[in-house]
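Asks: what would the 3D arrangement of this be:
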Amino acid sequence: MALNGISENAPGALNESHRRHILTNIQYADKLLSEIEQILVSASSKSPFPRYRVDVTPAQSKVVRDYIARIRAQMLRALEAQHITVPGPQFGAIHAIRNNLSFAQIAITEIGARYMAGYGEVPESAVAGLDGLVTELNALIEKLNAYLAQGLGRDLATRLEKLEWAGDEAGLLRRLERVISAHGLVEFRPKLGMILERLETRTFEIAVFGRVSSGKSSLLNHILEENVLPVGVNPITAVPTRLVAAPEPHLTVTFAHRRAERMDISALADFVTEQRNPSNSKGVTRIIVGLPSRRLKEGITFVDTPGLGSLATSGAMETQAYLPHCDLGVVLINAGSTLAEEDLATIRALYEAGVPASVLLSKADLLNAQDRESAVAYIAEQIRIHLGLALRVFPVSTVGDCSALLDTWFTEEIEPLYQRYRELADESVRRKLAALRESVQAALASKLAGADGVRPADQEALRQIEAELRKAAARIPEETSACLRATDTVEDLAPAALHKAAARVVELWRQGRDAGAGVVSAALLDTGAAAANRLYTRIERLAKELTAALQQAARALEAAEIPGDEELVLAVREMPQLDCGEISVPLERSPFVSIARPIVQRRLERRLEDAIGAQVTEAFRSYRRLLEAWLRRAINRMQAQFESHADTYRAQLDRLLASQEASPEAVEAIRRDLAELAAEPAGAGVAGNRAG
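Replies: This is a model prediction of the structure:
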C-alpha cells in the first residue's frame, strides 16, 4: 500500500501506521503549543474569572512566542521529510463559535431558579433576578448567533474600501465602523451592515405594510398584473417577500442552515403561507421573486411583508424588524375596519427610522364616494393629530371600476420614483446614516459620562434600574408558562359551553319565547370569548408592566425617546375568535319547562351533546391551537419590542457603571471621536422627512 506517493516497501520508508502515529503526536504537541499561546493571551485578558496570574513579562512572552514559532517550523519540516501531508482545517470558525454559543445558552439557562432547586430552596426574592438574568443573557446570545448566521460584517473593511464612488456617505460609514469597533458598540453593527448593503446594491425598496387581510398581496398582484402572491385569510409566515425585475419568472429562497435554492415560482406558497410553512419551520430567511413585469424596473424592489397581527411567528424576520430596511413604506388601512393604533404605530416607526410613508385606504370599493371621502379625511386628520405628519391618503381598490383608483396612485406616486430611484436611494441612505450617527454619538456621550465618574449614590440608583429591567424580563417566561397552561384548558370547555347553551335556551322557553340555533351559537361564542378575554387581560397586564419598567429606565437615563404607553400593548391585538361552523339542531319548546326546569335542561343538554357535541369539541380543540399560536406570536413580538429598548438601556448602564476606570487615553479617544462625528455634515436628518 502507498501513502502520499511513497511505497511502504521502499528502503527506509515508514509504514502507514508509523506515519499516522507521527502525525497524531505532532498534532497533539501543536495543540499544547496553542494552549500555551492562549495562556499568554488570557494572562493579560480582562476576564472577570482569570485563570492565570500576570507573572509573565512582555519580554518573556516574546521569547516564548519566538520559541513556539521555531518548534512549529521544525515539526513541519519533519512531516515534510516523511512525506506526510498536513491536513487542512476541519471546521469553520463561525460553526465552532455558534456551537459554543449553544452550549453557553444551555449553561446560562441552567442558572434559572427552577434548575437550582436541587441545590436547596431558592429564596423567593432571588427568583426574579435569576430568571431575568437568564432571559437577558440568552437574548444577547441569540443576537450574536443571528449576526453570525446572516454573515453580517463579513469582510466589512474590504467592502467599505470598494465604496469610494459613494463619496461622503462611504466616508461617514467608514468612520462609524471604526468608532463602533473601537468602543465595542456592538448593538449598532446590524444597522451598520444594513446601510452598507444598501450602498452596495443602490436599490430602492418599496415595502407594503398593513394588518391581516388589509389587501397587501392583492394590491401587489394588481400592480404586477399577475397573480403571483398567495391571497386569502390564511396568514403568511414572517418572511418578507421581495419582488424584482427579471427576464424569466423564478423564485430564490434562502435558508438559515443551508444554501439558497432557485426553483419554479409556483413553489412560493410552500414557503410564505402558514399552512405549508407553519411558524417558518423550514427556516426561510429571505425570499426573492423575479418577474418580467412591465411595472418592475431594474433597481426597484417591491416587498410584501407579513400582516401585522398575524398568527405567524418568527424571531428574526418580524415585520417590525424589517421596517428600517425599506426606503418607502406603503401603509394599507382597511376601509372595512377602522384606523387602529397599530396603523399609527407603523407610520410612526417608519418615520423614526427615517423612512417616508405613503398611506392607502385599501378596499375602497366597500364605501360609496361620499363615505370614501370622509374616511380619507378622517385618517389624514388622525395622522396629523397623533403624529404631527401631513400625509395625503389615497383610496385604492383592486375590484371592478374602483381599480382605476389604484392605477391612479401608482401612476402619480410610484412611477415618478422610477426616474429618480438612485437619487432617492441615496437620500434614504443619508437619512439612515444620520440616525445611526446620532445614536452612536449618544452612546459615546454616555461612555464619557461614566468615564468622568459616577457617584456611589448614583451607582446604586443605576444598579437598581438594571435590577428592575431584569425583573421585568423575568416576567416574560413566567407569564408565558402561565398563559400556555391557561390555553390548555380551552380544549376542555365544550361541556361547559353546551351547558351554558342549554341553560339559555331553557330560560327563553320559561319566558314563553322560542329559541333557535342562534342562541346556541351565541352561548358557544361567549364561552370562547370569556376564555380569550382572561388570556388577553393577563398579556395586556404583562405589556403594561414591561412598558412601566422601560419608561422608568428611559427617564432615569434621560433617553431621547421614551416608549409610549401603547407600544407593547399593540402586540396583543387581533385575537382569534372561536369558529364553531354552522350550528344545526332542532329546538322544540318543552311543555314541562315551568314545572321541571332542571330535568328539561339536562335532557336538552344531552340532546345538544348528541347532535353537535363532536362538532363543538373539535371547534374548541382548534380554538386552543389558534390561541396558543396567537399567544406565542404576541409574546414573541412583545419581547422583541421590549428587548429593542431594554438592550439599549442595558448597554448605556454598562457604560456608565463600567467606564469609571477608563484611562486618560480612553477618555481622550472618546472625546476625539465625538468631535469627529460632530464635524460631519448634518445630512438629511430624520426630522427633515416630516412632510407630506
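
Asks: run through the helices of the stretch 451-600 of the chain in chain order.
Replies: Secondary structure of the stretch 451-600 of the chain by DSSP state H, counting those that start in this stretch: the helices cover 456-490, 494-510, 517-556, 597-658.

Asks: residue 395: which of these is closest?
Replies: Across these, residue 395 has its closest neighbour in helix 597-658 (29.5 Å, Cβ to Cβ). For glycine as for every other residue, the C-beta is placed from the backbone atoms N, C-alpha and C.

Asks: run the chain-centre distance for the closest one.
Replies: Remark: helix 597-658 is offset 20 Å from the chain centroid, using Cα atoms, centre = their mean, to the nearest Å.

Asks: how far away is the closest residue in space to residue 486 that isn't next to it in sequence from residue 545?
Replies: Using Cβ to Cβ, 6 or more residues apart in numbering and skipping residues adjacent in sequence, the residue nearest residue 486 is residue 535, 5.8 Å away. To residue 545, residue 535 is 16 Å away according to Cβ to Cβ, to the nearest Å.

Asks: just residue 271 next, same as before
Replies: Using Cβ to Cβ, residue 271 is found at 37 Å from residue 545.

Asks: any low-confidence regions in the stretch 401-550 of the chain?
Replies: Along the stretch 401-550 of the chain, segments meeting pLDDT under 70 span 419, 422, 450-457.

Asks: one more time with 90, if that's ok
Replies: Applying pLDDT under 90 to the stretch 401-550 of the chain flags the ranges 401-403, 405-467, 470, 473-474, 477-478, 491, 502, 504-521, 536, 540.

Asks: picking that back up, can you redo the helices of the stretch 451-600 of the chain as JSON lines with mean neighbour count and distance to residue 59?
Replies: Formatted as JSON lines, the helices of the stretch 451-600 of the chain follow (neighbours: other Cβ atoms under 10 Å; distance: least, Cβ to Cβ, whole Å):
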{"stretch": "helix 456-490", "mean neighbour count": "17", "distance to residue 59": "39"}
{"stretch": "helix 494-510", "mean neighbour count": "20", "distance to residue 59": "80"}
{"stretch": "helix 517-556", "mean neighbour count": "18", "distance to residue 59": "48"}
{"stretch": "helix 597-658", "mean neighbour count": "19", "distance to residue 59": "31"}
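
Asks: on the three-state scheme, residue 297 is what?
Replies: Using DSSP: H, G, I helix; E, B strand; the rest coil, the structure places residue 297 in coil.

Asks: and it, what does it touch?
Replies: 245, 418, 421 (Cβ atoms under 8 Å, 6 or more residues apart in numbering).

Asks: can we see that at 6 Å?
Replies: For residue 297, the contacting residues are 245, 418, by Cβ atoms under 6 Å, 6 or more residues apart in numbering.

Asks: what does the pLDDT read for it?
Replies: On the pLDDT scale, residue 297 is placed at 80.

Asks: next one: residue 544 from residue 227, what distance?
Replies: To residue 227, residue 544 is 43 Å away according to Cβ to Cβ.

Asks: show me where the stretch 201-350 of the chain has strands.
Replies: For the stretch 201-350 of the chain, the strands defined by DSSP state E, counting those that start in this stretch cover 204-210, 241-245, 250-255, 261-263, 284-291, 300-304, 328-334.

Asks: turn those into JSON lines, columns for mean pLDDT, mean neighbour count and distance to residue 552.
Replies: Below are those laid out as JSON lines (pLDDT from 0 to 100; neighbours: other Cβ atoms under 10 Å; distance: least, Cβ to Cβ, whole Å):
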{"stretch": "strand 204-210", "mean pLDDT": "85", "mean neighbour count": "24", "distance to residue 552": "31"}
{"stretch": "strand 241-245", "mean pLDDT": "88", "mean neighbour count": "21", "distance to residue 552": "39"}
{"stretch": "strand 250-255", "mean pLDDT": "88", "mean neighbour count": "17", "distance to residue 552": "40"}
{"stretch": "strand 261-263", "mean pLDDT": "89", "mean neighbour count": "11", "distance to residue 552": "48"}
{"stretch": "strand 284-291", "mean pLDDT": "86", "mean neighbour count": "20", "distance to residue 552": "35"}
{"stretch": "strand 300-304", "mean pLDDT": "85", "mean neighbour count": "23", "distance to residue 552": "36"}
{"stretch": "strand 328-334", "mean pLDDT": "89", "mean neighbour count": "24", "distance to residue 552": "31"}
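
Asks: just put the ones you listed in JSON lines and tack on distance to residue 497.
Replies: Shown next, in JSON lines, are the strands of the stretch 201-350 of the chain (distance: least, Cβ to Cβ, whole Å):
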{"stretch": "strand 204-210", "distance to residue 497": "34"}
{"stretch": "strand 241-245", "distance to residue 497": "39"}
{"stretch": "strand 250-255", "distance to residue 497": "43"}
{"stretch": "strand 261-263", "distance to residue 497": "45"}
{"stretch": "strand 284-291", "distance to residue 497": "38"}
{"stretch": "strand 300-304", "distance to residue 497": "38"}
{"stretch": "strand 328-334", "distance to residue 497": "31"}
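
Asks: of all those strands, which lies closest to residue 598?
Replies: Smallest distance to residue 598 across those (Cβ to Cβ): 47.6 Å, for strand 328-334.
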